[in-house]
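# sequence unavailable; structure follows:
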């Protein structure tokens, strides 16, 4: 999926759309996506100007957005159908190394379970094969 198709499955827009490309997607199973981190990202102006580091909460958000695409594709829905995917929680969240301009985040999510619109995903983000962050996250599918 390119960014045009990604925008069909995520309600986010610049500067908060954090998935640039989907490399692999198996509905009901898993997704592999990319986020290209550039020095032009607006948060680098203040985090931190002399030592730019991608905020951890945005790494979590990027993983959640990849999981959201997987969930929408699995349900065969889009936000235009009146559905929204909320990030509602995380467990076992870990950060292993900072993400800096020039890095390419590889975002991976696997569906663990779904009950009454609450989805559980195993997610991880890597750079050059090294784990940056991993977690189990929960997302809720709700009507808007």
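Happy to help now that I have it. As the structure is a computational prediction, the values presented were derived from the model and not from experiment. Numbers count the residues shown, from 1 in each chain.

# can you count the residues close to the closest residue in space to residue 76 that isn't next to it in sequence?
Excluding the flanking residues, the one nearest residue 76 by CB to CB, 6 or more residues apart in numbering is residue 27, at 7.9 Å. For glycine as for every other residue, the C-beta is placed from the backbone atoms N, C-alpha and C. If you count neighbours by other CB atoms under 10 Å, residue 27 ends up with 14.

# try residue 62
Neighbour count of residue 62, defined by other CB under 10 Å: 25.

# what's the answer for residue 105, then?
For residue 105, using other CB under 10 Å, the count is 24.

# ditto for residue 141
Using other CB under 10 Å, residue 141 is surrounded by 18 other residues.

# what residues does it make contact with?
When contacts are counted by CB atoms under 8 Å, 6 or more residues apart in numbering, residue 141 touches 71, 75, 77, 83-85, 117-119.

# hmm, the residue nearest to residue 76 is touching residue 73, no?
Yes - contact status for residue 27 versus residue 73: in contact at 4.9 Å, counting by CB atoms under 8 Å.

# re the thing from before, filter the contacts of residue 141 down to the ones in strands?
Per DSSP state E, strands hold the following members of those: 83-85, 118-119.

# mind listing what's buried in the top helix by length along the chain?
Assignment by DSSP state H gives helix 56-75 as the longest helix of the chain. By 16 or more other CB atoms under 10 Å, the buried positions in helix 56-75 come out as 58-75.

# ok so, going back, give me the buried entries from the ones in strands among the contacts of residue 141.
Looks like the ones in strands among the contacts of residue 141 have 83, 85, 119 buried, using 16+ other CB under 10 Å.

# closest one to residue 108 out of those, please.
Ranked by distance to residue 108 (CB to CB), these are led by residue 119 at 15.4 Å.
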